[in-house]
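Q: Build me a structure from this.
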Amino acid sequence: MAPAVTRLICRFLNCNRVFKNKSGLTQHTNTKHSTPQIQQDLNHTAPLAGPGFIPLMSHSPTPAINENFHQNTVGEQEDGGFVPEEGTWVDMGRLFRTFHPHLTGLKCDANGSFIDQDAPPTDWTPYNDRAEFETAEFLFTRNQMSHNDAPPFANHRDMYATIDATPLGDTPWKSFMMCYNGVRPEQDIPLWMDGQYDVWYRDPLQMACSMLANSAFDGGIEFSPYCDYTIEDKQYWKNFMLGDWAWNQADVIAQNEENHGSTFMPLIIGSDKTVVSVATGQTEYCPLNFRQQLFQRSLTKIFESVKPFMETFDITHFPDSHFRRTVYGLGPYIADYPEQLILSGVVQNWCPWCLANRKDLDSTQPCLHRHKAHTELLVEQLTYKQAWYEYGIIADLPFTNDLPQADIHELLSPDILHQIIKGTFKDHLVDWVGDYLQVTHGTRHVAEIMDDIDRRIAAQWTGDDSKALMKVYLAAIEGHVPQDMVRTFSAFLEFCYIVRRKALTEDDLVKLQDTLNCFHKYWEIFKVTGVVSTFSLPCQHSLCHYILLIRLFGAPNGLCSSITESKHIKAVNALGQMLLTNQHLDKLAAAHADFEACGMLHGSCLPNALGELQRCQNVHEDNDSELDDDTMADMAQEESHIGLAATPCCVRNIHTLSLELELPRFPLMIQEFIHNQQYSGNPNPPEFDPATAQVFLGKVALFNSAAASFHAPSDLSGTGGMRCEHIRATPSWHAGKPRHDCIFVNMGADFDSPMCGLAVAQVLCFFSFNYWTSYYPCAIVHWYSYMLEGRNPDTGMYVIAPMTTDEGVLDISIIHVDFYGLDFIPKINPHNSYDMFNSYYVNRYADHHAFEIA
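A: Predicted coordinates:
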């Protein structure tokens, strides 16, 4: 952890200069305040201030590229002094934070007067008691019980009626009918022009108010745009309100002084085509995805309730039970590329963010960004054909043109899932490799190569998920394709994992641009080999906009189309039922959060069967468990830790286990392990002597798994950013072959390792034993050694091989789980993966946590 930085403040009247060290303060004092009174005042100690400061910027908090953060005058650069505006910064430890000076989120009453009050709710309405609420929640949310299964309510209608009566989350679905009333051709009129269309929606203003009143968000809402800076004075982007867009919007809103003290509340919007699975087939519901004019007019109609409060404030109730003046804004819009085109009114294969020509999207030359004023002018001045072919513009203006401070070309968020993972990686790069192999080797030999690639992939992953394939594909193709193709994938994966970090700094953005440059450098191999003729592809072109979008909206991991895809629903047979199901789930979630915030859900009141079900879901699984390898740990952020499974699979004496593991030295290994544990705190421990060391003849308990919990917020994790992964060491996985996972082991800072003290080992067995008054959870591991001093220059990954002793036998040790367990990170593979090859890559692309440490 970085050390705290001391700031010294000049104590003289009307001088607020701040200095990094005493020499700067002394130099400033001798120069600016050299009087007898000054020398007397210097006897008072200057107070400590926060870890860093910057002056508030008049516009965007982000400087232009290559612009210095601190524009000190001549003669002031050596002492590093700044003049912060009083009350605009907060010490955050490794960060310091500045807030917007005008939109500050002050508390007010229901009439808008700035006061301080607190009145939290305390009842179970509309449920009679806690048991009734939890029963409804369990049956509807967790168990998804059919109404024919006789739930404990009077009948299924009784339960649904009670859920419907929940006031929290109560934003009903509405609908209106749209039809085309524009110019029609004289003949061959398209059917859609004569059709009538039902548009279903929930009032966005009511939804926002309902969400803001939800006590589950208490302590999690930012009432003012703000900026975070590291102790090196580098800007830091994480949450959405840290982005430049929110700050700039606040600047515009604050031009009306009546809005001062208000809360700025941007609405993050998303739409996605939903596929509903039914017994008779699949029905596609495109919530707003019909013809361009109808689509834009529908959105205009939907957001008309919000429009009046995008320039002046509304009074809104917040989860801390206070009212605040609230000004809304249309925030980033989450959509995949086809819907981005519909939203922005841009032609297929053009970029919705900039004016780059569709045939020249791979150009390295800078290009102007689209702007709604420019689009309006082009539509007004050009013919429909000119706007279409020269600028890629459809004549129908986007719905945002009718809303204040809203420009759809600026609001489109980055789409990691479709643009990067499914688009650039799966649909382009992976297909190009297949095309290269076909062109180079022909049909006869390409099958053999693909079989080998599939064998390498199968050793690490099975399934059809693009995100999972991306983790293992690089090592699978290495050796079968040219070096530059491998480097293309390496640079691309580096880019992917950087943009998916939970937070980014200015240094990360520099690294991101360097990585993108490498990607563009090495992808030329696909042209040279005749695989492709152009890289003018919208998905790949979108990568060029990510740095700007990060500056605008913060880390893009929280603005991805996977969020809207998560609302897809199975097993319903009508749009109305789908919407009603979502509404029921929302009501139950809102009620649960509210009751829990009021302290009304402590303990348990449901039958023992429910408690047993929950216990079975969370317990560390035994040999044949079906639990996922990667799970979310819903716990507050805490130190990483590892624990053995809840119950052992069996108990063995050490001689029997020695025979089962084919480790004749096992009794001696335990003897040496006990010796090392007894002298672990001794800086000069005695050498181990088997003749004099204490002997262990007891029994040991064997475990088939352990669970490692660690902080990994960039991966799918729980509410505190904690993630749990299971490590298996079992003689039979799912009644089949053995499975022994590999791990990272934290050996300490003094360990000579390219990975900052991390060693790699394969777990052969988990066991525990008691010796005198001590309990020892242990693992028997087989060590791996690094084959290179650094990463492989092509793949960017470390290469390891099984380690042997000087006698040529496998290097096997016993390690203490508690001591070494802080960095157990499993790399899970089928049973014989570690016996199939002579050397292995340490896959830094397995997940975000591995990317950071490997």
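Q: so residue 430 sits in a helix?
A: Yes: Residue 430 forms part of a helix when assessed by DSSP: H, G, I helix; E, B strand; the rest coil.
Q: For it, give its distance to residue 500.
A: Distance of residue 430 to residue 500, given as C-beta to C-beta, to the nearest Å: 19 Å. All C-beta spots, glycine's among them, are computed from the backbone N, C-alpha and C.
Q: start to end distance for stretch 742-758?
A: End-to-end distance of stretch 742-758 (C-alpha to C-alpha, to the nearest Å): 13 Å.
Q: Buried residues of that stretch, list them for me.
A: With burial defined by 16 or more other C-beta atoms under 10 Å, the residues of stretch 742-758 counted as buried are 742-747, 753, 755, 757-758.
Q: export those residues to JSON lines and tack on pLDDT and secondary structure?
A: Putting the buried residues of stretch 742-758 into JSON lines (pLDDT from 0 to 100; DSSP: H, G, I helix; E, B strand; the rest coil) gives the following:
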{"residue": "742", "pLDDT": "87", "secondary structure": "strand"}
{"residue": "743", "pLDDT": "87", "secondary structure": "strand"}
{"residue": "744", "pLDDT": "86", "secondary structure": "strand"}
{"residue": "745", "pLDDT": "86", "secondary structure": "strand"}
{"residue": "746", "pLDDT": "82", "secondary structure": "strand"}
{"residue": "747", "pLDDT": "80", "secondary structure": "coil"}
{"residue": "753", "pLDDT": "80", "secondary structure": "coil"}
{"residue": "755", "pLDDT": "82", "secondary structure": "coil"}
{"residue": "757", "pLDDT": "81", "secondary structure": "coil"}
{"residue": "758", "pLDDT": "85", "secondary structure": "strand"}
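Q: quick one, what contacts residue 390?
A: residue 382 (C-beta atoms under 8 Å, 6 or more residues apart in numbering).
Q: May I have the phi/psi pair for it?
A: phi -90, psi -30 (degrees, to the nearest 10).
Q: what does residue 801 give?
A: Taking degrees, to the nearest 10 as the convention, residue 801 sits at phi -150, psi 150.
Q: Then the one 10 residues further on?
A: Dihedral angles phi and psi of residue 811 (degrees, to the nearest 10) take the values phi -80, psi 100.
Q: looking at it, it is touching residue 805, isn't it?
A: Yes: between residue 811 and residue 805 a contact is recorded at 5.3 Å, counting by C-beta atoms under 8 Å.
Q: higher neighbour count, those two?
A: residue 811 (15 against 10; other C-beta atoms under 10 Å).
Q: and the gap between that one and residue 560?
A: In terms of C-beta to C-beta, residue 811 sits 43 Å off from residue 560.
Q: before we move on, what about residue 224?
A: From residue 224 to residue 560 the distance is 25 Å (C-beta to C-beta).
Q: go on, residue 134?
A: On the measure of C-beta to C-beta, residue 134 and residue 560 end up 33 Å apart.
Q: what does residue 316 give?
A: 27 Å.
Q: May I ask which helix or strand of this structure has the lowest mean pLDDT?
A: Of all helical and strand segments in the chain, the minimum by mean pLDDT, DSSP states H and E falls on helix 36-41, at a mean of 34.
Q: Who are the packing partners of the helix or strand following that one?
A: Tracing the chain C-terminally past helix 36-41 and defining elements by DSSP states H and E, one meets strand 89-91 next. Applying 3 or more C-beta pairs under 8 Å, 6 or more residues apart in numbering; DSSP states H and E, we find strand 89-91 packed against strand 95-99.
Q: Quick check: mean pLDDT of the strand it packs on?
A: Computed over strand 95-99, the mean pLDDT rounds to 84.
Q: After it, which helix or strand is next?
A: strand 107-108.
Q: That's all I had, so thanks and see you.
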